[in-house]
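**Student:** fold the following and give me the result.
(one chain, ligands or ions: 1)
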Amino acid sequence: MFPEGTGPAADPAGSHFERRIRSFQPRRSRVTTGQADVLRRLWPSWGLDIDGQRVLDLDAMFGGLPVVLEIGFGMGEATARMAADDPDTGILAADVHTPGQGNLLRLAERNGLSNIRVANGDAIILLREMLPPGSLAGIRVYFPDPWPKKRHHKRRLIQPEFLDLVAPRLKPGAVLHCATDWEPYAEQMLDVLTAHPAYENTSPGTGYAPRPDFRPLTRFEGQGLEKGHAVRDLLFRRVADGAAAA
Ligand SMILES: C[S@@+](CC[C@H](N)C(=O)[O-])C[C@H]1O[C@@H](n2cnc3c(N)ncnc32)[C@H](O)[C@@H]1O
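**Tutor:** Sure thing, here's the model as predicted:
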């Protein structure tokens, strides 16, 4: 759809990492003319393909701001709001969804936000191949695909291998913030996060945390609430190396 360098690539990691389990749904992406236009104009400056072929210099990309990775921003409305509310934090926003990438760039341009970069592709490759140790001030995973069928549970993002991958990329004290409206997934998140020695619960008494004021209602959350689902927030802090066993 976009000639090389003028927009997000269709499959940026290509065949380099063929046998990975994907946590996202393959969906046909209908990109509007407006989204395509904004992608063409802004992608070269504000977008990056997750090709797994280079290590990112987040200081250079964000002018030294602390950087939070958001995995799966969907259409990006909540991301744009959080970036506007907190201009002193950079948001590296990753998703595979092209219309959402266009929408988020449109919102960033319209609201004059300079603290967002849009990453196109699989966040697992981004974490594994492109982010140096201790580079992130936080990670946000809001309403990840719940994969409700048992045979699909292996595609859920929040599981021990993911937590192993994330831990060294987080600065000590940085928070991994998850939210879901799918109760069995919330229970899985709480179980695996509680069991992992690299993280400690910021709400040890209750397990789940109250929704923090800085997290706006997201599009998927709204749909879940309409169905009567309860929403769970989990905020777990990265403990310092060596503190895990203490
Ligand atoms: C259920 S939607 C939630 C979107 C948004 N956070 C919200 O609450 O409205 C999950 C999103 O995560 C994205 N996603 C899932 N796995 C991903 C991965 N490994 N890398 C990048 N994006 C991913 C999907 O493409 C989808 O847009």
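**Student:** how about the residues of the chain near the ligand?
**Tutor:** 23-24, 71-74, 94-97, 122-124, 142-145, 157, 218-221 (Cβ under 6 Å from any ligand atom). C-beta here means a position set from N, CA and C on the backbone, and glycine is covered the same way.
**Student:** is it true that Arg20 touches Gly121?
**Tutor:** No - checked against Cβ atoms under 8 Å, the pair Arg20 and Gly121 is beyond contact range at 11.3 Å.
**Student:** now Arg155: how far from Ser23?
**Tutor:** 5 Å (Cβ to Cβ, to the nearest Å).
**Student:** those two: who's more crowded?
**Tutor:** Ser23 (23 against 17; other Cβ atoms under 10 Å).
**Student:** next, give phi and psi for the more buried one.
**Tutor:** Phi and psi for Ser23, reported as degrees, to the nearest 10, are phi -90, psi 0.
**Student:** what's the answer for Ile124, then?
**Tutor:** The phi/psi pair for Ile124 (degrees, to the nearest 10) is phi -70, psi -40.
**Student:** shouldn't it be in contact with Phe24?
**Tutor:** No - when contacts are counted by Cβ under 8 Å, Ile124 is not listed as touching Phe24 (9.9 Å).
**Student:** returning to what we had before: more neighbours, Arg20 and Gly121?
**Tutor:** The neighbour comparison of Arg20 against Gly121 (other Cβ under 10 Å) goes to Gly121, with 24 against 12.
**Student:** distance check, the more buried one against Pro3.
**Tutor:** Taken as Cβ to Cβ, the span from Gly121 to Pro3 is 18 Å.
**Student:** one more: Gly134?
**Tutor:** With Cβ to Cβ as the criterion, Gly134 and Pro3 are 37 Å apart.
**Student:** of these two, who's got more company?
**Tutor:** Gly134 (14 against 7).
**Student:** helices of this structure, start to end?
**Tutor:** 33-46, 58-62, 77-85, 98-110, 123-125, 160-166, 183-195, 219-226 (DSSP state H).
**Student:** mind listing what's buried along the second one?
**Tutor:** Counting neighbours by 16 or more other Cβ atoms under 10 Å, one finds that the buried residues in helix 58-62 are Leu58, Phe62.
**Student:** name the nearest residue to Asn111, sequence neighbours excluded.
**Tutor:** What sits nearest to Asn111 in space, not counting adjacent residues and going by Cβ to Cβ, 6 or more residues apart in numbering, is Ala84, at 5.5 Å.
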